[in-house]
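quick one, what's the 3D model for this:
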Amino acid sequence: MVKPDTPVIPIKTQLAVYGCGMFANSMSVISGIIVPLWVVTFESSAILLGIVFSARHFLPLILSIHGGALMDRLGTRRVMLIFAVVNAAVPLIFPTMPFVWAAIFLQMLAGLSTSMGWMGAQTLIGQVMKGSAVHAGRLSFSLRLGHLIGPPMIGVAWDIGGAWVAFSVMGVWASFGFFSALALPSPTLNSHQVEKVTISALAPRWGDYVAAFRMLAISAVFFVVIATMLRNAGNVVQTGFYVVYLDDVTGLSGILIGVLTSAAAVVGGVGSLSVGHLLRFWSAHWLLLATVAGSVIFVCVTPLLGAFAFLLVASALRGASLGISQPLMISILAKASGSNVQGTSVGLRNTANRLAGVIVPFIMGVLIELFGMANGFYAIGMIVVVMLIATGFWLKKHPEITNVSQ
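Prediction:
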């Protein structure tokens, strides 16, 4: 394979982009620990808990394409700053409203604001860094750093002070995302002319959605969208019933649950930085497919792993799979999309991400109600593996995708 191109980007710009990605994306992992620990005290059914976990994906599912189009039209930095403020404020409201319906509503707001920050960082990889797999790997590494620090931090906060302290710490953590966005060069990093902020510019446009879904006709874009949905099936298991299982069934403390997540972050960071090297020997597309499979399998076998040591190994292997697959998705998508629709293409991928986020927790909640906790894990794993095998057969019939130089 050809060595990936690595454009020269000022270090200040790189750090700002990586900071935006780290503090936004890690909020999902932090939330995936604290929200399950919080709502399990409501003594609700597994189906209701599944709805709470799914709610984080409702608004991003509907508005991701619109948000990406706004970044293309108004400038990525502007959009990121607005949602960074919301991302820091929402956690402070959670402990004031200890009800299931409030958890659903707040999860929706938190999910949208986190999603827009993470989308903005991905968009900048395409707009500024030209889809470089090396820079995408560095962005993914910064995420792992956030995953390393955030979960133990929130676990300790929960064990020491409960919901109030933990959600307050979460809000402070999110505020660093605002300062990262503020450090981005002003007024915009877009390579094309942006529009003025007006009511008409902010309103959703049907044409944006049509243009986004038309991008599915591009084989590489379609492949990334499918891989995104299947990969996220494992993510929503981990940020939902995985924590419930560890808390209720195995009796692990918040600190130990945070340690498992951090183990994935450490190994995932190494995986992210290795992407540029791996692409010298492997096709990005087949490597993506293999690592997506690993990321799902290593979380869905959780009920088979009784000892903490086995859980730690599985978490580390899942982290490696996540660390490699993430920059591959970002890079493949950025290279397959035009320079003026980077935000829109990221919005399309995020829509697929959130679609899985809405569907999987609800399905898993139903499966758990019918067949038990362990069987719910196994069923989701088997469904995803079958779909990955089918995707592999489809990819084999489209060699023109994998023959593109990485």
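
drop to CA atoms for contacts and neighbour counts, all remaining ones
Fine.

how near is the residue lying closest to L252 once chain neighbours are set aside to F213?
Distance criterion C-alpha to C-alpha, 6 or more residues apart in numbering; nearest residue to L252, sequence neighbours excluded, is L246 at 5.7 Å. L246 sits 39 Å away from F213, going by C-alpha to C-alpha, to the nearest Å.

and these two? Which one has more around it.
Between L246 and F213, counting by other C-alpha atoms under 10 Å, L246 is the more crowded of the two (19 against 15).

what pLDDT does the model give the more buried one?
Per-residue pLDDT puts L246 at 82.

from here on, count from 688
Done: numbering now begins at 688, and the last item shifts to L933.

wait, isn't it in contact with I944?
Yes: using C-alpha atoms under 8 Å, L933 makes contact with I944 at a distance of 7.3 Å.

so which elements touch the longest helix belonging to the chain?
Using DSSP state H to define each element, the chain has its longest helix at helix 820-869. If you count contacts as 3 or more C-alpha pairs under 8 Å, 6 or more residues apart in numbering; DSSP states H and E, helix 820-869 packs onto helix 698-726, helix 763-776, helix 787-814, helix 941-960, helix 962-965, helix 995-1023.

repeat that with 6 Å
Judged by 3 or more C-alpha pairs under 6 Å, 6 or more residues apart in numbering; DSSP states H and E, the packing partners of helix 820-869 are helix 698-726, helix 763-776, helix 941-960, helix 995-1023.

put the alpha carbons of the third one into CSV.
In CSV, the C-alpha atoms belonging to helix 941-960 read as follows (Å, rounded to 0.1, in the frame of the first residue of the first chain):
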residue,chain,number,x,y,z
GLY,A,941,-18.2,2.6,39.8
ILE,A,942,-14.4,2.8,40.0
LEU,A,943,-13.8,-0.7,38.6
ILE,A,944,-16.3,-0.1,35.8
GLY,A,945,-14.4,3.1,35.0
VAL,A,946,-11.1,1.1,35.0
LEU,A,947,-12.5,-1.3,32.4
THR,A,948,-13.4,1.6,30.1
SER,A,949,-10.0,3.1,30.6
ALA,A,950,-8.3,-0.1,29.7
ALA,A,951,-10.1,0.0,26.4
ALA,A,952,-8.9,3.6,26.0
VAL,A,953,-5.2,2.8,26.6
VAL,A,954,-5.1,0.0,24.1
GLY,A,955,-7.3,2.0,21.7
GLY,A,956,-4.9,4.9,21.7
VAL,A,957,-2.1,2.6,20.5
GLY,A,958,-4.4,1.2,17.9
SER,A,959,-5.3,4.7,16.6
LEU,A,960,-1.7,5.8,16.3
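
chain center to it: distance?
On the basis of C-alpha atoms, centre = their mean, to the nearest Å, helix 941-960 sits 15 Å off its chain's mean C-alpha point.
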